[in-house]
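Undergrad: Make a model of this:
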Amino acid sequence: MHRFWHGILHGLSEGGLMVWMTWWPLVLGFSLSGLVQAAIPRDGLRAKLGGKGLAPVLWAASLGVISSSCSYAASAMARALFLRGARFRHAIIFMVASTNLVVELGIVLWLLLGWPFLVAEVVGGLLMIGLLAAAGRILDRDQDALRASLSAPETADVTATSWRHALRQRATWEKSAGYVLGDLTMLRGELVAGFAVAGFLTACVPNAWWSHLFLTGHGFWSTLENAVVAPLVAVISFVCSVGNVPLAAALWMRGVAFGGVIAFLFADLVTLPLLLAYRRLFNTRVAIRVGLVLWVVMSVAGIATQYLLGWSHVTPSVHHSALMGASITVGPTMYLNIVATVVLVAWWWLRRHGAPSSSTAVDPVCHMQVDISAPAATVRHDGTLFYFCSPSCGDSFERQPEKYLSGMVASPTGSAIDPICGMRVDPQNAAAEVTIEGVTTYFCATGCRDQFLAGPTAAPGTTTISLGRKPTT
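TA: Here you go, the predicted structure:
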């Protein structure tokens, strides 16, 4: 029993150390990602994904780079792009780029595993995009019939401005805050699971177990076996996106080949929850096809990356991680983590006190910020259009709309959700409140209250209660 609890504590401490070392890179990465999503117009890019040739491939990859790194959001966005006219191969390329070529992933990789892995992620990601483009005929099979069988969500037109002009507007920073906090909220379960599982793998799984699963000492055949098996480990790990990085660090420290680790990093798109999401977003046959194509492509890309970087003398020869021998001490990491926490609080304050954006809405189910020009799903309820980050959230809302709408109003002794922006509000410290027919609604900011009172004239997708009445006194 003592050994059991010692293993538990050791695993938790290893996971906690990973959080400590990656806290500031995560905040930095999500902050940059939020700014990019809010400031760079994307409508022009989306319109270019329906053609043939190299140009649409490059546009799809570029759009992915400036989008969210959440694998679930990326898969839902890929569906939305496909329904808006993108070729299926370009939608999948967007999905790969948005999860493997984004800022936050690169920063965490560089910190935990070193710059060779950052280079490998970029090189391998580009190789995957090229391989997917080459496999386009397989991916595009029956795409017209598939598009006809799916229902496209309603969208709203959004006027885009240049990124230089956008960065000078307070509204852009407020919108960025919504993306930063929304992405963190969406990914918090994945991150916690990734760090926890990686901690226990590092602390509790003996080396002998890894040697049985991953071959070593057989040259190319070890690399081949590692690159093929590693994605299968990802399938059952249930962890995707940035949460995959600490697991990759654990595999590297246990002797898995460089190409196998890279293939595992790419495999955030074939975890079991993602495969089930593809089935939900498209259909079973398409989900199987996409899963198999991604598995082959990521394995080939992992092997090719190892040998390409090996020829360039970039591949590390020692299985080392920044976690080895690390501890929580007073030093640069502590100072950077303090700064990162202050930055995150600033984002929270800006989101709380900012006015709602007319180009985004908050998913009433998971509270993630959604671009209303390309939602994954929409539901019209009592004359009000709601936008969702995924079809599953839309289905949950359709089954029990009263559950999510009733949760937006609460008594002063509980917690409330601002019906405009979706943020949780402490009724005792709410910035504003409105009482109508004996029911009090609480708001995070006066701007949200004013938009609530505007009723049907409020921005589409953000008003959850249509009003044609004034508050009682």
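Undergrad: Give me the neighbour count for residue 312.
TA: Using other CB atoms under 10 Å, residue 312 has 11 neighbouring residues. C-beta here means a position set from N, CA and C on the backbone, and glycine is covered the same way.
Undergrad: Got the confidence number for it?
TA: Note on residue 312: pLDDT of 87.
Undergrad: Map the structural domains onto the sequence of this protein.
TA: 2-347, 360-457 (automatic domain parsing).
Undergrad: And the strands in the stretch 151-300 of the chain?
TA: With DSSP state E, counting those that start in this stretch as the criterion, the stretch 151-300 of the chain has no strands.
Undergrad: For it, give me the ranges with low pLDDT.
TA: The stretch 151-300 of the chain contains residues with pLDDT under 70 at 151-163, 186-187, 190-191, 194-195, 197-199, 201-208, 210-211, 237-241, 243.
Undergrad: can you redo the domains of the chain as TSV with distance to residue 353?
TA: TSV is the format used below for the domains of the chain (distance: least, CB to CB, whole Å):
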stretch	distance to residue 353
domain 2-347	8
domain 360-457	5
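Undergrad: so which of those domains comes closest to residue 354?
TA: With CB to CB as the criterion, residue 354 lies closest to domain 2-347 of the domains of the chain, at 3.1 Å.
Undergrad: next one: the closest one to chain centre, how far?
TA: Domain 2-347 sits 8 Å away from the centroid of its parent chain (CA atoms, centre = their mean, to the nearest Å).
Undergrad: and the host helix or strand of residue 130, what other elements does it pack with?
TA: Secondary structure assignment for residue 130, by DSSP states H and E: helix 115-134. Applying 3 or more CB pairs under 8 Å, 6 or more residues apart in numbering; DSSP states H and E, we find helix 115-134 packed against helix 54-65, helix 88-100, helix 103-113, helix 258-266, helix 284-311.
Undergrad: and of the ones you listed, who's closest to residue 350?
TA: Closest approach to residue 350 among these (CB to CB): helix 103-113, 19.0 Å.
Undergrad: Show me what that closest one is packed up against.
TA: helix 2-39, helix 115-134, helix 244-253.
Undergrad: Which among the ones you listed is found nearest to residue 372?
TA: With CB to CB as the yardstick, what comes closest out of those is helix 2-39 (13.3 Å).
Undergrad: low-scoring stretches of the stretch 1-150 of the chain, by residue?
TA: 1-7, 10-11, 14-15, 18, 29, 40-47, 68-70.
Undergrad: Could you rerun that using 90?
TA: Where the stretch 1-150 of the chain drops to pLDDT under 90, the residues are 1-53, 55, 59-60, 62-86, 95, 98-115, 136-137, 141-150.
Undergrad: where does the stretch 301-450 of the chain have low pLDDT?
TA: 310, 312-337, 340, 348-450.
Undergrad: Now with 80, please.
TA: For the stretch 301-450 of the chain, residues meeting the criterion pLDDT under 80 lie at 317-333, 352-362, 366-369, 371-377, 381-385, 389-392, 402-431, 436-440, 443-450.
Undergrad: Show the residue spans covered by the strands in it.
TA: With DSSP E, counting those that start in this stretch as the criterion, the stretch 301-450 of the chain has strands spanning 360-362, 369-371, 377-381, 384-388, 416-417, 424-425, 432-436, 439-443.
Undergrad: Save the ones you listed as TSV, and put in mean neighbour count too.
TA: Output for the strands of the stretch 301-450 of the chain, formatted as TSV (neighbours: other CB atoms under 10 Å):
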stretch	mean neighbour count
strand 360-362	28
strand 369-371	29
strand 377-381	18
strand 384-388	24
strand 416-417	23
strand 424-425	18
strand 432-436	16
strand 439-443	21
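Undergrad: for those strands, which one sits closest to residue 32?
TA: Nearest to residue 32, of all those, is strand 369-371, at 16.0 Å by CB to CB.
Undergrad: Keeping just the C-alphas, turn stretch 436-452 into PDB.
TA: What follows is stretch 436-452, C-alpha atoms only, in PDB (Å, rounded to 0.1, in the frame of the first residue of the first chain):
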ATOM      1  CA  ILE A 436     -37.800  41.500 -15.600                       C
ATOM      2  CA  GLU A 437     -41.100  40.000 -14.400                       C
ATOM      3  CA  GLY A 438     -39.400  39.000 -11.100                       C
ATOM      4  CA  VAL A 439     -36.500  37.300 -12.700                       C
ATOM      5  CA  THR A 440     -33.000  38.800 -12.300                       C
ATOM      6  CA  THR A 441     -30.300  38.400 -14.900                       C
ATOM      7  CA  TYR A 442     -26.700  39.200 -14.100                       C
ATOM      8  CA  PHE A 443     -24.000  40.500 -16.400                       C
ATOM      9  CA  CYS A 444     -20.200  40.700 -16.500                       C
ATOM     10  CA  ALA A 445     -20.300  44.300 -17.900                       C
ATOM     11  CA  THR A 446     -22.700  47.100 -18.700                       C
ATOM     12  CA  GLY A 447     -22.100  46.500 -22.400                       C
ATOM     13  CA  CYS A 448     -23.600  43.100 -22.100                       C
ATOM     14  CA  ARG A 449     -26.600  44.400 -20.200                       C
ATOM     15  CA  ASP A 450     -27.200  47.100 -22.900                       C
ATOM     16  CA  GLN A 451     -27.100  44.500 -25.600                       C
ATOM     17  CA  PHE A 452     -29.400  42.200 -23.600                       C
END
